[in-house]
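Visitor: coordinates only, sequence not included:
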């Protein structure tokens with residue numbers, strides 16, 4: 001059963017351009033190294049939050065990570081915990097350096113009653 005990690009944040013003031021570039025580098029790194037470094041990941045999706053009525057960007061970004069399971073999530077976090085070995089290169093493209101850490105949130109989701117889900 002999939003397990004989801006949802007992170008939100010705002011970029012540091014005056015570093016939006018650098019933030020956007022690092023997120024692009026991060027996705028390129030993931031694409032190149034997914035099988036060797038991130039085998040527990042099923043997907044990584046990136047969004048910007050918008051105001052409900054106007055569609056105007058709020059300045060907050062969202063990343064949704066889908067893992068194969070909670071066990072897979074925990075295995076990945078344990079393996080990467082000290083950024084050693086191949087994760088040292090990953091740390092170089094980690095976009096957190098451009099996040100305003102005061103705005104970062106993390107939430108974790110486990111699917112519920114999937115037999116009731118609908119796809120159209």
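Guide: Received, thanks. Because the structure is predicted, anything quoted here is derived from the model rather than measured. Numbers count the residues shown, from 1 in each chain.
Visitor: Do me a favour and average the pLDDT over the lengthiest helix in the chain.
Guide: The longest helix of the chain (DSSP state H) is helix 16-37. Helix 16-37 comes out with an average pLDDT of 96.
Visitor: What lies in contact with it?
Guide: Helix 16-37 is contacted by residues 11-12, 38, 41, 44, 46, 80, 86-87, 89-90, 93-95, 97-99 when judged by CB atoms under 8 Å, 6 or more residues apart in numbering. (Each C-beta comes from the backbone N, C-alpha and C, glycine too.)
Visitor: How far off centre is that helix?
Guide: Distance of helix 16-37 from its chain centroid, counting by CA atoms, centre = their mean, to the nearest Å, is 10 Å.
Visitor: Buried residues, it. List them.
Guide: Neighbour-count burial for helix 16-37 flags 19, 22, 23, 26, 29, 37 (criterion: 16 or more other CB atoms under 10 Å).
Visitor: any idea of the angle the next helix or strand after it forms with helix 16-37?
Guide: Following the chain from helix 16-37 toward its C-terminal end, the next helix or strand by DSSP states H and E is strand 41-50. Relative orientation of strand 41-50 and helix 16-37, computed by axes from the mean of the first three to the mean of the last three CA atoms, to 10 degrees: 160 degrees.
Visitor: Who does strand 41-50 pair with, and is each partner parallel or antiparallel?
Guide: Strand pairing for strand 41-50, using DSSP bridges, gives strand 57-67 (antiparallel).
Visitor: Tell me how many other residues crowd residue 68.
Guide: Other residues near residue 68 number 16, with proximity taken as other CB atoms under 10 Å.
Visitor: Check the gap between the residue nearest to it when sequence neighbours are not counted and residue 58 for me.
Guide: Leaving out its chain neighbours, the residue that sits closest to residue 68 by CB to CB, 6 or more residues apart in numbering is residue 40, at 5.3 Å. Look at residue 40 and residue 58: by CB to CB, to the nearest Å, they are 31 Å apart.
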